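Novice: After the sequence you'll find the predicted model.
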There are 4 protein chains.
Amino acid sequence: MKLIHDPIHGHIELDDFVVGLVDTPEFQRLRRITQLGLAFLAYPSARHTRFEHSLGTFYLAKRIVEHNPEIGEGAVYAALLHDLGHYPFSHTLEALYPRHEENTKWFIRHGEIGDVIRERYSVGEFLKLLKHPLVSGDIDADRMDYLVRDAYYTGAAYGLVDLDRLVRNLLWRDGMLIVGEKGVIAAQNLLLARSMMYPTVYQHHVSKIASAMLVTAVELEGIPSEEIRTMDEVDLIARLRASERAEVRELVRAIDDRRLYKRVLYSASDPGGDAVAELWGELEAEFGHLAIVDYPPKPKFEEKNAFVETERGLKRLSEVSPLVRSLVELKDTHWRWGVYARADVRERVERFLGAFFD
Amino acid sequence: MKLIHDPIHGHIELDDFVVGLVDTPEFQRLRRITQLGLAFLAYPSARHTRFEHSLGTFYLAKRIVEHNPEIGEGAVYAALLHDLGHYPFSHTLEALYPRHEENTKWFIRHGEIGDVIRERYSVGEFLKLLKHPLVSGDIDADRMDYLVRDAYYTGAAYGLVDLDRLVRNLLWRDGMLIVGEKGVIAAQNLLLARSMMYPTVYQHHVSKIASAMLVTAVELEGIPSEEIRTMDEVDLIARLRASERAEVRELVRAIDDRRLYKRVLYSASDPGGDAVAELWGELEAEFGHLAIVDYPPKPKFEEKNAFVETERGLKRLSEVSPLVRSLVELKDTHWRWGVYARADVRERVERFLGAFFD
Amino acid sequence: MKLIHDPIHGHIELDDFVVGLVDTPEFQRLRRITQLGLAFLAYPSARHTRFEHSLGTFYLAKRIVEHNPEIGEGAVYAALLHDLGHYPFSHTLEALYPRHEENTKWFIRHGEIGDVIRERYSVGEFLKLLKHPLVSGDIDADRMDYLVRDAYYTGAAYGLVDLDRLVRNLLWRDGMLIVGEKGVIAAQNLLLARSMMYPTVYQHHVSKIASAMLVTAVELEGIPSEEIRTMDEVDLIARLRASERAEVRELVRAIDDRRLYKRVLYSASDPGGDAVAELWGELEAEFGHLAIVDYPPKPKFEEKNAFVETERGLKRLSEVSPLVRSLVELKDTHWRWGVYARADVRERVERFLGAFFD
Amino acid sequence: MKLIHDPIHGHIELDDFVVGLVDTPEFQRLRRITQLGLAFLAYPSARHTRFEHSLGTFYLAKRIVEHNPEIGEGAVYAALLHDLGHYPFSHTLEALYPRHEENTKWFIRHGEIGDVIRERYSVGEFLKLLKHPLVSGDIDADRMDYLVRDAYYTGAAYGLVDLDRLVRNLLWRDGMLIVGEKGVIAAQNLLLARSMMYPTVYQHHVSKIASAMLVTAVELEGIPSEEIRTMDEVDLIARLRASERAEVRELVRAIDDRRLYKRVLYSASDPGGDAVAELWGELEAEFGHLAIVDYPPKPKFEEKNAFVETERGLKRLSEVSPLVRSLVELKDTHWRWGVYARADVRERVERFLGAFFD
């Protein structure tokens, strides 16, 4: 047994099988994938990686399974590996490439880590566990770890969650992870914490602008998905710095130096996908990479899938908690789309937008 | 005025001049220099960078100067920049290259940051401030920040220091930063914390082995100091991964995958520099890069330079505190030299050492 | 200047005038008034007192006034004294006696502390400051301190509030303390924290039962309000232990030994004050002090009085934040009334209630 | 199973037997015995009690026994009860009465708690467990809990200890609790933390003066030990407030109002017991209760009894750690004796002392 020290959970115990999984190039690569992508440009201390988060998720999953042994330990190992396939800078590049879950499967099928898994599981069987409620629900080990961890590393005051109470009050019922009645306030608090981390950290405009710049650079560079999926952040940044295209080099240089594009437009009112597409085309024709449109999908607050065991049977958490209900209503509140431009063309882009929307 | 959120100090206020300094490529580069080098291979969460540490040092320096305005604000800006010249992975490569202080001067003389400084100071005048007691004493803003920060990021239980009490009890006397009588226990605690972080974190054997591997790779690659001094960690790792020399590629790959060399010898008894040099030569002839000798300089505990203002005049902290006195005596206790080898040649190297020392 | 060490705010600085206020018997008495009354029977560590809370409120008020000097320092001293008049066990006995604010005025008019105040203020002028928005709003120094402090002492995970951000974003406008736009999420978080502390800590049923028992004992003992207002917790408990009435001695003994009455009824549905009064009368006739009715007033969530400064003028926080809006809707959710009985008559009381409501 | 929430250890689980022990008047009385006596006059937030500390000691003892099941669970229950016999204000009154361990035995022999114990143990057998190394060593569950807890409640920065690492590295060997090699630094840190809490908190002069005043009041009141051993702090303070002797009432009033005696003499040089006794007699004759001599026994640092399991057999911790060695040397450093006097006679006492020592 091996111990890893973690500021969130204290000592995390790893048994031999877990050590085998962790000691593979695929898992070690997660040390070079930052958890919050470019958020460190807004919160300098947010330098934690998918590696620590994966260990933390494993730790919580294991504790939940200790309280609910019928879940089986396979799901615990799947929890460890649930983020294996993340691209450099985590979710940032999912705007251009398949979701990271696809890469996770690919690594397990083709990497050394697959050999370790095969000691105990068939790959097919294991892949199914990656969608286990332990890591894919509204109240799950993944979310429990990342909220507390992201708060710790950013210093944000919104991620305090009573993990111990939650762990003790998550119940396995008919293939679902349910909140016991004594865990309701802790679960509600988890969802509230998330809703406050969302605008404050996860959707901070500095992070969004830098991300849009990185996406633009990667798109211009034209890296195929078979290539990017095994890259780490060193590979990607080095590749962009050495690009043959001046625009790419300029963009990555600007991110490095934190000389970010400015917001010309930043709005909660959605003109619709068609109008945005048209605008984007025209902006590109006029300004090339100097103006970027950032039109993200609307956030999904799936809080409606958290269930509570009450005296009167299963209830949605949103039925039991008016606060959670208002979270569901509130889900689009923080959505923004934007147009960002390099400082020197900002005014020209502003006039262009004025004309376009006129 | 700009606010930066920091988990250690809360909100750090930056005035326009500081924003100007921070917004230069030279200062932003510190975001890509990890504070503890390769220590994250032992403490996965230790991913903080010289950037946050520099801001934290600035913050503490500023508070100390608020209590001692006669120090003048120049020293506060120097505190911000005191680590500007660090190489990739911080102190690791100082085994091969000039100390980072030299690079700091070079950046200030030749970088954009020099232009910002010249708005208020002559460069010559400013360079002198880099050795100011605020950042180069035994009890200084630098050390106060890094101990608490390193403890926070590693989760180590040894770095708690009463920063507020220290800040309120540091006194400027005749060009020295002196501890006031009410700050003695806090100062003693700072030095004790450091002495415990030393073996636990700073000299963790995993970090030492990985560092020795990196030093070997960089030496084999033969990067001139004029080149490495402007590199960040992306540049360096990318360069090593793309090396023409297979040994270099293999070494960096092993660090990436955390397939570290094993300790064949790890000893507190010093055979003397000559014997080590001879051993090293022979090992190299026999094993090339597969065996590495790690013979670090003895640590300097300069605790003898911390002074306290007592009723009976200035005293050394070590006179006032028997614990600090024993720290001075203890300074070599944790020193180790080692021979590390790739797992597959470990036994051969062991036999070789046996023969050598026989 | 004097420094007091506080685990929440670090060092709190007291100037000579404040030291004068603190060093009076009236203020020192607060050391013997627990902040959360009998909540320590549910959360053993909740032993903090109105003394620390008063100092913490003073500290925050002072910081807010540093950012808004036009408020004037009188309000800061009033913040220090806002809880001076609390009865033993804080709010518990307000069911029987005038609100503690009345006692505060009485102490200032008749106590030594009034002499200290008169050095700088007229008493009439000062009494008005006790209702200052700094300590009587929805987002104020009082609430900011107690939420964080109560969470620290209970270990509850719901009281984390970004005090520094709030302090920096409270603005004084036309006699109101307004939240600046950058403080909205922190303010919202404060109100959410409160709403979660409410059912978890402040209205914990153990605390409610013990409080109802204490109220009953004090009522039976018949202590006049002129007498109780100067008592501390030692006085009160000693008086009850030495009572001539066996019921009183029995009740205080049961609280001491934590042999609490049991819940026979605990309900969110309100039968109306008349029905409850009738029930109470009948229960008393039948069971004396062995059955207690606990029919608290509905909680007031005054969150509708928190205002935000937005680009489009002043708005209620509940307009800007759907979560705060749902707090207002939710205000009665946690209200309960109850009937508690000594363990040995529990069943008889249960049957009695069955008959009554039949 | 019952859960108690604790800010230090999170949720503490109590099984039925423990609930039985806790739910006795003798154990509940500990809620009214403050852990640090009158230290709250220096650190207002230090209001925690022997109740929480006892639960925390139980929690740590249980974890240590989980790692060393051969210890047996009896010692864990003894850990819970090890402080049962404390007098009001903890150690303060041990200057006048038998040590609290005697009262613990008395409560177990004669209290309701004895009946609970007898369900599983003979009283004779159980009493022996009260001296178990789990709670009476240099590195034990008692000390581990109180250092961290006292630091948390005072806000002192000196009590951080890596409890988890210690718990995992305490080994049961031949009836001794030994530190494993990986626990040495954590154990050393525990002893260092204690040595810093000693002058900062435990021997704070404010606490010492108030304690001397309380001791004087109790002595004047002449309470027999059979009476005081069952008192709690309410009983004692109420008794002193209602004393027939004006001096007693005056002393307790002064403590309540924090109008403490002043230091006329406070010295590290020991004139010897005989000289002190003579001085005391003369002072008493001249000043009665207005001048108090405080001549405490020298502290025992028993650090020499902590053992470490090394490759070369058992070693004293002080052999392995030079820092611990210097703690032993340093043991008398913070010892002081003092003469305190009421403010209005201070100068007269000063002159008297001058004449006495002339």
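Specialist: Cool, got the structure.

Novice: Would you pull up the residue in the stretch 1-150 of chain A closest to chain C?
Specialist: Nearest residue of the stretch 1-150 of chain A to chain C, counting by CB to the nearest CB: A:Val148, 9.7 Å away. Backbone N, C-alpha and C define where each C-beta goes, glycine included.

Novice: now that residue: how far from chain B?
Specialist: 13 Å (CB to the nearest CB, to the nearest Å).

Novice: got the phi/psi numbers for that residue?
Specialist: A:Val148 adopts backbone torsions of phi -70, psi -40, taken as degrees, to the nearest 10.

Novice: wait, what's in contact with it?
Specialist: A:8, A:159-161, A:163 (CB atoms under 8 Å, 6 or more residues apart in numbering or on different chains).

Novice: Switch the residues you listed over to TSV; also include pLDDT, distance to chain C and secondary structure.
Specialist: Formatted as TSV, the contacts of A:Val148 follow (pLDDT from 0 to 100; distance: CB to the nearest CB, whole Å; DSSP: H, G, I helix; E, B strand; the rest coil):
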residue	pLDDT	distance to chain C	secondary structure
A:Ile8	94	13	coil
A:Gly159	68	8	coil
A:Leu160	75	4	coil
A:Val161	85	6	coil
A:Leu163	93	8	helix
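
Novice: Check what contacts stretch A:290-302 and list those residues.
Specialist: With CB under 8 Å, 6+ apart, stretch A:290-302 has contacts from A:95, A:138, A:195, A:198, A:208-209, A:211-213, A:216, A:261, A:264, A:273, A:276, A:279-280, A:283-284, A:327-328, A:330-332, A:334-335, A:337-342, A:345, A:349, A:352.

Novice: Please, a ChimeraX command that selects the buried ones among those residues?
Specialist: Selection of buried members from the contacts of stretch A:290-302 for ChimeraX, criterion 16 or more other CB atoms under 10 Å in any protein chain shown:
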select /A:95,138,195,198,208,209,211,212,213,216,261,264,276,279,280,283,327,330,331,335,337,338,339,340,341,342,345,349,352
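
Novice: Counting only strands, which of the contacts of stretch A:290-302 make the cut?
Specialist: Under the assignment DSSP state E, the contacts of stretch A:290-302 contribute A:264, A:337-341 to strands.

Novice: now for the residues you listed, which pair is the farthest apart?
Specialist: A:Trp337 and A:Ala341 (14.4 Å; CB to CB).

Novice: any weak-confidence spans in the stretch 51-200 of chain A?
Specialist: For the stretch 51-200 of chain A, residues meeting the criterion pLDDT under 70 lie at A:159.

Novice: In three-state terms, label the residue most central in space within chain A for me.
Specialist: Nearest to the mean C-alpha position of chain A, by CA atoms, centre = their mean, lies A:His91 at 5.2 Å. Classification of A:His91 using DSSP: H, G, I helix; E, B strand; the rest coil returns helix.

Novice: For A:Lys300, what is the enclosing helix or strand?
Specialist: Under the criterion DSSP states H and E, no helix or strand holds A:Lys300.

Novice: How many residues are close by it?
Specialist: By other CB atoms under 10 Å in any protein chain shown, the residues close to A:Lys300 number 7.

Novice: Distance of it relative to A:Ile139?
Specialist: From A:Lys300 across to A:Ile139, the span is 15 Å (CB to CB, to the nearest Å).

Novice: How about whatever residue of the stretch 201-350 of chain A ends up closest to chain D, nearest residue that isn't a chain neighbour?
Specialist: When scored by CB to the nearest CB, the stretch 201-350 of chain A has A:Glu309 as its residue closest to chain D, at 18.1 Å. Take A:Glu309 and drop its neighbours on the chain: the residue closest to it by CB to CB, 6 or more residues apart in numbering or on different chains is A:Ile178, 5.1 Å away.

Novice: Next, the contact list for the one you found, please.
Specialist: A:170-172, A:307-309, A:314.

Novice: how about CSV for these, with secondary structure added?
Specialist: Formatted as CSV, these follow (three-state DSSP):
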residue, secondary structure
A:Leu170, strand
A:Leu171, strand
A:Trp172, strand
A:Phe307, strand
A:Val308, strand
A:Glu309, strand
A:Leu314, strand
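
Novice: Mind giving me the ChimeraX select for those residues, buried ones only?
Specialist: Written as a ChimeraX command, the selection of buried residues from the contacts of A:Ile178, which uses 16+ other CB under 10 Å, is:
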select /A:170,171,172,307,308,309
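
Novice: can you pull out the helices in the stretch 51-200 of chain A?
Specialist: Using DSSP state H, counting those that start in this stretch, the helices of the stretch 51-200 of chain A run over residues A:74-81, A:100-110, A:112-118, A:123-129, A:133-136, A:141-154, A:163-168, A:184-197.

Novice: Could you show which parts of the stretch 51-200 of chain A are in contact with chain D?
Specialist: A:164-165, A:168 (CB under 8 Å from any CB of the partner chain).

Novice: can you rerun that using 7 Å?
Specialist: A:Asp164 (CB under 7 Å from any CB of the partner chain).

Novice: and whichever residue of the stretch 151-300 of chain A sits closest to chain D, what is it in contact with?
Specialist: As assessed by CB to the nearest CB, chain D sits closest to A:Asp164 within the stretch 151-300 of chain A, at 4.9 Å. Contacts for A:Asp164 were tallied using CB atoms under 7 Å, 6 or more residues apart in numbering or on different chains; they are D:10-11.

Novice: Over to A:Asp140?
Specialist: Contacts of A:Asp140 by CB under 7 Å, 6+ apart are A:133-134, A:177.

Novice: A:Tyr202 too?
Specialist: Taking CB under 7 Å, 6+ apart, one finds nothing in contact with A:Tyr202.

Novice: quick one: it from D:Leu3, how far?
Specialist: 33 Å.

Novice: So what's the residue count around A:Asp344?
Specialist: Neighbour tally, A:Asp344, other CB under 10 Å: 9.

Novice: For stretch A:214-234, measure first residue to last.
Specialist: End-to-end distance for stretch A:214-234, by CA to CA, to the nearest Å: 14 Å.

Novice: got a list of contacts for that stretch?
Specialist: A:29, A:32-34, A:38, A:87-89, A:92-93, A:95-98, A:103, A:106, A:239-240, A:243, A:245, A:247-248, A:251-252, A:255, A:289, A:292, B:234, B:237-238.

Novice: Can you tell me which of those residues end up in strands?
Specialist: A:Ile292.

Novice: Great, nothing more from me.
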